[in-house]
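Q: All I have is the shape, not the residue letters:
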């Protein structure tokens, strides 16, 4: 199936896939940086934002140099940023972090941030902020993910979402992350509730959660009887930097969207293995073996600029030969992710 591209005002392009289940929950992914190593005129270095519309919250995965400028060029509200997940400590994934944190402090727009990543993350930030005399006047909490990755336990579990991670195969400790939206209550049958004489208002909210409500006339209305079957949540996996990894395959199993690095073309597989990065075909093989719904390639080497012997279109063709439901990310491309349809 071809992923439709839906036009949108620049600088954001929207790439969306939907299914027939009306009202399914979604998360929105925006690519703020899609180059590897160094920025180019059209691609900044790594950063991917995950927007959670139902809770007016923004999560960031990696924060390469210039990420705060990318926020300014996007439709995202950095004031909604609540969590940042770092894959590894290479500069093209973390050099934008001290500046972003400092700007949030000066703007006074942050109620606090939670940062997740490799063990040296806090030391790196403390050093950068201390030596630049930068004061952060909001709660800044860091969480090491190494143990959760080793044990296969969750990194984060709240009312709506869980986050897990796994170790990748790179030159320094690196981790992939998976975000899973928990199943939500089934669709509430408003017409049936009205037919039963249930007055609209706060009672509806209780019934929508599947709870029982006692009306003023003594009748007990069962919320589960007015709700359809639970609706599945969606899942997003962010995987960079790594050579082909069985651990990444397991983490991505059945995901709705896999974002995977594609630093090199298939013809440079030897170089990819040497530098412990992935080719387009390694990313596609990961998607195929994991049985994901969609794959988006990111972290492209600057050697594949348009006009060069190999371009992003060539990497896309290589990946699609293995996994047809593939796209190549562009800076400011935005993706709506919804759960895959259930059943045949």
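A: Received it, and whenever you're ready, just let me know what you need. Quick caveat, the model's predicted, so the values are computed rather than measured. Numbering: from 1, shown residues only.
Q: CA atoms for contacts and neighbours, from now on please.
A: OK.
Q: What lies in contact with stretch 275-292?
A: Identification of contacts with stretch 275-292 by Cα atoms under 8 Å, 6 or more residues apart in numbering yields 169-171, 241-246, 248-250, 252-258, 260-266, 268-269, 272, 294-295, 297, 315-316, 318-320, 322-323, 326.
Q: List buried residues within those.
A: With burial judged by 16 or more other Cα atoms under 10 Å, the buried subset of those is 169-170, 241-245, 248-249, 252-258, 260-266, 269, 272, 294-295, 297, 315-316, 318-320, 322-323, 326.
Q: Let me know the distance separating residue 167 from residue 208.
A: 39 Å (Cα to Cα, to the nearest Å).
Q: Who has more neighbours out of these two?
A: The neighbour count for residue 167 versus residue 208, taken as other Cα atoms under 10 Å, is higher for residue 167 (24 against 20).
Q: nearest residue to the more buried one other than its sequence neighbours?
A: residue 175 (4.6 Å; Cα to Cα, 6 or more residues apart in numbering).
Q: List the contacts of that neighbour.
A: Residues near residue 175 by Cα under 8 Å, 6+ apart: 87, 88, 117, 118, 149, 165, 166, 167, 168, 239, 240.
Q: per-residue pLDDT, the residue nearest to the last one when sequence neighbours are not counted?
A: The one in question is residue 240. Using Cα to Cα, 6+ apart and skipping residues adjacent in sequence, the residue nearest residue 240 is residue 261, 5.1 Å away. Note for residue 261: predicted pLDDT of 98.
Q: still on that earlier bit, ramachandran coordinates for the residue nearest to residue 167?
A: Per-residue torsions, residue 175: phi -140, psi 140 (degrees, to the nearest 10).
Q: residue ranges for the strands of the stretch 51-200 of the chain, please.
A: Per DSSP state E, counting those that start in this stretch, the stretch 51-200 of the chain carries strands over the ranges 57-61, 81-85, 113-117, 140-144, 154-157, 161-167, 175-181.
Q: Show me the one of those that comes nearest residue 192.
A: Smallest distance to residue 192 across these (Cα to Cα): 28.1 Å, for strand 175-181.
Q: Work out which residue lies at the spatial centre of this protein.
A: In the chain, the C-alpha nearest the mean C-alpha coordinate belongs to residue 50, at 4.7 Å (Cα atoms, centre = their mean).
Q: Not counting its own residues, what contacts stretch 253-265?
A: Contacts to stretch 253-265, defined as Cα under 8 Å, 6+ apart, come from residues 36, 234-242, 252, 272, 277-283, 287, 289-301, 314-315, 318, 337-340.
Q: ok, and the most crowded of the contacts of residue 175?
A: That'd be residue 165 among these, by other Cα under 10 Å, with 32 neighbours.
Q: tell me the contacts of the closest residue to that residue other than its chain neighbours?
A: In this structure, residue 165 finds its nearest non-sequential neighbour in residue 177, 4.3 Å apart by Cα to Cα, 6+ apart. For residue 177, the contacting residues are 87, 163, 164, 165, 166, 237, 238, 239, 251, by Cα under 8 Å, 6+ apart.
Q: The same query, at a cut-off of 7 Å, please.
A: Applying Cα atoms under 7 Å, 6 or more residues apart in numbering, we find residue 177 in contact with 163, 164, 165, 166, 237, 238, 239.
Q: can you redo these as CSV with pLDDT?
A: Formatted as CSV, the contacts of residue 177 follow (pLDDT from 0 to 100):
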residue, pLDDT
163, 98
164, 98
165, 98
166, 98
237, 98
238, 98
239, 98
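Q: neighbours of residue 59, just the number please.
A: Residue 59: 21 neighbours (other Cα under 10 Å).
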